[in-house]
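J.: Can you look at this prediction? I've put the sequence above it.
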Amino acid sequence: RLRKWQERIRTKDAGERNLQFALSETDRMASSLAIPRSVREVACVIYRRALDEDLIRGRSIEGVATSTLYAACRMEGIPRSLEEVAAVSRVERKEIGRTYRYVAQELNLEMEPVNPKKYVPRFCSELELSEEVQVKANEIIDVTTEKGLLSGKSPTGYAAAAIYAASLLCNEKKTQREVSDVAQVTEVTIRNRYQEQIEAMGIHE
Amino acid sequence: MTDPKDTINIENVVASTGIGQELDLQSVAMDLEGADYDPEQFPGLVYRTQNPKSAALIFRSGKIVCTGAKSTDDVHESLRIVFDKLRELQIQVNEDPEIVVQNIVTSADLGRNLNLNAIAIGLGLENIEYEPEQFPGLVYRLDDPEVVALLFGSGKLVITGGKKPEDAEHAVDKIVSRLEDLGLLE
DNA sequence: AAGTTACTTTTTAAAGC
DNA sequence: GCTTTAAAAAGTAACTT
């Protein structure tokens, strides 16, 4: 009887220490990515659920913490790409992606694919592009998605290409290099998506 | 209109078997030309056949895994070659070792583009995995037949995990009817 | 900018760490 | 869990030319 109780306390303490470390790591990563406090709280709620459902076994605390932060950003509509979260985590991108898929599946988070438009405000702001460019980029994303161009494509590359195209159309040109730097995708990807998008939009130049 | 079933193509067959005899892989590696054996890296010896093309993983226990063949017939032919090679090295090999197909990888084409986003939501987010940031294919697990399908925006797909060629046909049928029910095909 | 190579996903057995 | 082997799908990346 006493032994079981001691074990319960030990497990509870281990869980509390686990949670405390995870929360401080989440806070550290969120701070360097300028993620709002409300999103960090969502991340912590998901982490606590993962801990309660014993999903941490065989995985690193840091990996699960990074994954839940990534998931929370998506849920709150201000996604960070896996490369962005990986840059402030000591867990590599591949592991974060795997852990995220596992946690999302086990907790039935029912995550919808990221809409590339969710990246437009942040990327455009980092590029100091006007509201007009943002509106145009969103229009390009809407129209080309409707024509079926989005299936299978990475949301970051898709958003980057639309922003590049919109910057040209609005005479606020940014180079592919500048856009690729903020979106963390290669210029080759921007070029490929850009070509498809302007063709689907019926734009010639 | 082409029946998607007619586009099914077997791309890889994995099978296991055994010669019923323990092996000294070090000496097999010495005598068998083209054998790759690095026990520090992997306990199995790798031997590749050219016609049909396949790779056999030969283990100390005498068990063998054959992969890379394009049909079950090719698996049998490849393993026949491996058995004969071992016999040439004065190794006793059972008369007709049982060969068990463990996995068949198939490709097919639905013939039209797919809106993976709509399919993900339509089939139920809890049943599928679609993370285009990580992989362009949508992962769909079927219960009967018990296989995994990877669906792509082009309408092409991969079916893996099946043990019989019919598994892929049944899977394609189910996928087509489910997508039709959802109005996500054509 | 084009070309090549390589990695992402899924499946499956084997033996050993 | 990892290691190795094969194969397809399509996207992305990192090289060299």
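T.: Looks like it arrived, so ask away. Numbering: from 1, shown residues only, chains lettered A, B, ... in the order given.

J.: shaky segments in the chain?
T.: You didn't pick a chain, so chain A it is. Counting by pLDDT under 70, chain A has low-confidence residues at A:1, A:3, A:7-14, A:205.

J.: That was the other one, I meant chain B.
T.: Scanning chain B for pLDDT under 70 picks out the ranges B:1, B:186.

J.: can you list the domains in it?
T.: As given by the TED database, the domain ranges for chain B are B:13-101, B:109-180.

J.: And these: which comes nearest A:Gly152?
T.: domain B:109-180 (3.4 Å; Cβ to Cβ). For the C-beta atoms, the positions are set from N, CA and C on the backbone; glycine is no exception.

J.: now the end-to-end length of the closest one.
T.: 15 Å (Cα to Cα, to the nearest Å).

J.: is it anywhere near DNA strand D?
T.: Yes. Domain B:109-180 reaches DNA strand D (Cβ under 7 Å from any atom of the strand) through B:Phe135, B:Pro136, B:Gly137, B:Leu150, B:Phe152, B:Gly153, B:Ser154, B:Lys156, B:Val158, B:Thr160.

J.: which one of those sits closest to B:Ser78?
T.: B:Thr160 (19.6 Å).

J.: in what helix or strand does the residue nearest to the closest one when sequence neighbours are not counted lie?
T.: Spatially, and ignoring its direct neighbours in sequence, B:Thr160 is nearest to B:Val105 (4.6 Å; Cβ to Cβ, 6 or more residues apart in numbering or on different chains). Assigned by DSSP states H and E, B:Val105 falls within strand B:100-109.

J.: Check A:Thr26 too.
T.: Taking DSSP H and E as the criterion, A:Thr26 maps to helix A:2-32.

J.: From the chain's centroid, how far away is that helix?
T.: Counting by Cα atoms, centre = their mean, to the nearest Å, helix A:2-32 is centred 25 Å from the centre of its parent chain.

J.: What of stretch B:122-135?
T.: 23 Å.

J.: re the thing from before, please spell out the ChimeraX selection for the buried subset of the residues of domain B:109-180 next to DNA strand D.
T.: Typed into ChimeraX, the line below selects the buried ones among the residues of domain B:109-180 next to DNA strand D, using 16 or more other Cβ atoms under 10 Å in any protein chain shown:
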select /B:136,137,150,152,153,156,158,160
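
J.: Which of the residues of domain B:109-180 next to DNA strand D fall in strands?
T.: B:Leu150, B:Lys156, B:Val158, B:Thr160 (DSSP state E).

J.: follow-up on the earlier one: mind listing what's buried along the strand holding B:Val105?
T.: B:Val101, B:Ile104, B:Val105, B:Thr106, B:Ser107, B:Ala108, B:Asp109.

J.: Please name the residues that touch B:Arg27.
T.: Arg isn't right for residue B:27; it's Ser. Listed by Cβ atoms under 8 Å, 6 or more residues apart in numbering or on different chains, B:Ser27 has no contact partners.

J.: Then B:Glu146?
T.: By Cβ under 8 Å, 6+ apart, the contact set of B:Glu146 is B:Gly161, B:Gly162, B:Asp167.

J.: near DNA strand D, which residues of chain A show up?
T.: So chain A meets DNA strand D at A:58, A:151-154, A:157-158, A:184-186, A:188-189, A:192-193 (Cβ under 7 Å from any atom of the strand).

J.: Farthest pair within those residues?
T.: A:Gly58 and A:Asn192 (38.0 Å).

J.: State the distance from the residue nearest to B:Thr160 to B:Lys163.
T.: 12 Å (Cβ to Cβ, to the nearest Å).

J.: Would you mind measuring from the closest residue to B:Glu129 other than its chain neighbours to A:Ala200?
T.: Distances taken as Cβ to Cβ, 6+ apart place B:Val139 nearest to B:Glu129, at 4.1 Å, with adjacent residues excluded. Per Cβ to Cβ, B:Val139 is found 27 Å from A:Ala200.
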